[in-house]
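Enquirer: got a sequence here, can you model it:
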Amino acid sequence: MALYHAFEVLIAIHITLGAPGLLCFWLPLIVKKGAAQHRFWGRIFVVSMLGAAIAAMGMATLSVIAPMPTHPHLIEHPEFSDPELVRVVFGWMMLYLAILTINLAWYAWSCSRNKRDMASNRRPLNVALQVILTVAAVNCAYQGYMIGLPLLMGFSIVGFATVATNIHFMYRRNPRPIDWLLEHIKAIIGTGISVYTAFFAFGAVRIMPEAALSPALWSVPLITGLLLILYHQRKVLVAYDRRRATAVRPAKAAVGAK
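Expert: I've put the predicted structure just below:
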């Protein structure tokens, strides 16, 4: 009973911190980029996601240790009465999503903070988060393989891709002035993908536990988020190229005049 009560407390903390983040995710995308409101709501979103993800890590750890005591409502469920399935789906998979959320939220904030000194993104904590996410992604794929859940193996690719692109930027020798913003967009929207995936996958656990394994619920946040990333990155790149072209024309004209 003690574990169950601890689990319930973590759920309450997770919901309290995470619910505002679900709403705040959209506000920085709507308001003017770089403005005070954009920065304010962005900070609220990042802090909310970090807090909710830390609580989710606690929930996931308890689910790994004691899958059925923390999920007594699943004991007689036709599919989730298997403790190992509960341990993997509500334990290891949730832990992976929580770590992915922390990685992306912290990285998004770091890219923005270090935009004038991009080498600072290679600080030990940021590097450690890439290693931790890699381990979590490997474990997620392994756990999915062991119980025959291709969904877990497939979603682990998101973690590997996140680490690969993060590391590429962090150790890039000559990043463009705009690269930090492209990475910020990727990471902040990626955080939204992670948290909305967790919300859709686990939010209806009490009502429909089988929904946690629905590919449809997993694909909606992923596809929507990827489209948002491509749209906003494209918008930034077009504006950047236009500014560069405008700056080059007077220089060419001055050279021609000579």
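Enquirer: just give me the longest helix of the protein.
Expert: As assigned by DSSP state H, the longest helix anywhere in the chain is helix 215-257.
Enquirer: for that helix, packing partners?
Expert: When contacts are defined as 3 or more Cβ pairs under 8 Å, 6 or more residues apart in numbering; DSSP states H and E, helix 215-257 packs onto helix 150-170, helix 179-202. For the C-beta atoms, the positions are set from N, CA and C on the backbone; glycine is no exception.
Enquirer: try it again at 6 Å.
Expert: Counting contacts by 3 or more Cβ pairs under 6 Å, 6 or more residues apart in numbering; DSSP states H and E, helix 215-257 packs against helix 179-202.
Enquirer: show me the contact partners of the helix it packs on.
Expert: Contact partners of helix 179-202, identified using Cβ atoms under 6 Å, 6 or more residues apart in numbering, comprise 25, 49, 97, 100-101, 104-105, 107-108, 111-112, 115, 118, 169, 212, 217-218, 221-222, 225, 228-229, 232-233, 236.
Enquirer: now do the helix or strand containing residue 28: distance to the chain's middle.
Expert: Using DSSP states H and E, residue 28 falls within helix 27-30. Its chain's average C-alpha position is 17 Å from that of helix 27-30, according to Cα atoms, centre = their mean, to the nearest Å.
Enquirer: next, the buried residues of that helix.
Expert: Using 16 or more other Cβ atoms under 10 Å as the test for burial, helix 27-30 gives 28, 29.
Enquirer: phi and psi next, for residue 149.
Expert: Main-chain torsions, residue 149, degrees, to the nearest 10: phi -120, psi 90.
Enquirer: just give me the neighbour total for it.
Expert: Applying other Cβ atoms under 10 Å, we find 18 residues neighbouring residue 149.
Enquirer: that one and residue 108, how far apart?
Expert: For residue 149, the distance to residue 108 (Cβ to Cβ, to the nearest Å) stands at 29 Å.
Enquirer: go on, residue 118?
Expert: 14 Å.
Enquirer: could you do residue 231 as well?
Expert: On the measure of Cβ to Cβ, residue 231 and residue 108 end up 17 Å apart.
Enquirer: most centrally placed residue in this structure?
Expert: Taking Cα atoms, centre = their mean as the criterion, residue 191 is the residue nearest the geometric centre of the chain, at 2.9 Å.
Enquirer: excluding its backbone neighbours, what's nearest that one?
Expert: Sequence neighbours aside, residue 104 is the residue nearest to residue 191 in space, at 4.2 Å (criterion: Cβ to Cβ, 6 or more residues apart in numbering).
Enquirer: per-residue confidence for the one you found?
Expert: Listed pLDDT for residue 104 reads 96.
Enquirer: what's the straight distance from one end of stretch 85-102 to the other?
Expert: End-to-end distance of stretch 85-102 (Cα to Cα, to the nearest Å): 25 Å.
Enquirer: now swap in stretch 80-90 and tell me
Expert: 10 Å.
Enquirer: please point out which parts of that stretch sit buried.
Expert: By 16+ other Cβ under 10 Å, the buried positions in stretch 80-90 come out as 80, 85, 86, 87, 88, 89, 90.
Enquirer: how near is the third one to residue 64?
Expert: Same thing as residue 86. 10 Å.
Enquirer: just the angle between the helix or strand hosting residue 130 and helix 150-170, please?
Expert: Element membership for residue 130, per DSSP H and E: helix 124-147. Here helix 124-147 points in a direction 160 degrees away from that of helix 150-170 (axes from the mean of the first three to the mean of the last three Cα atoms, to 10 degrees).
Enquirer: what packs against helix 124-147?
Expert: helix 94-113, helix 150-170.
Enquirer: looking at those, which is nearest to residue 58?
Expert: Comparing the helices and strands packed on helix 124-147 by their distance to residue 58 (Cβ to Cβ), the top pick is helix 94-113, with 8.9 Å.
Enquirer: run through who's touching the closest one.
Expert: With Cβ under 6 Å, 6+ apart, helix 94-113 has contacts from 46, 49-50, 53, 56-57, 60, 121, 126, 129, 132-133, 136, 140, 159, 166, 180, 183-184, 187-188, 190-191, 194-195, 198.
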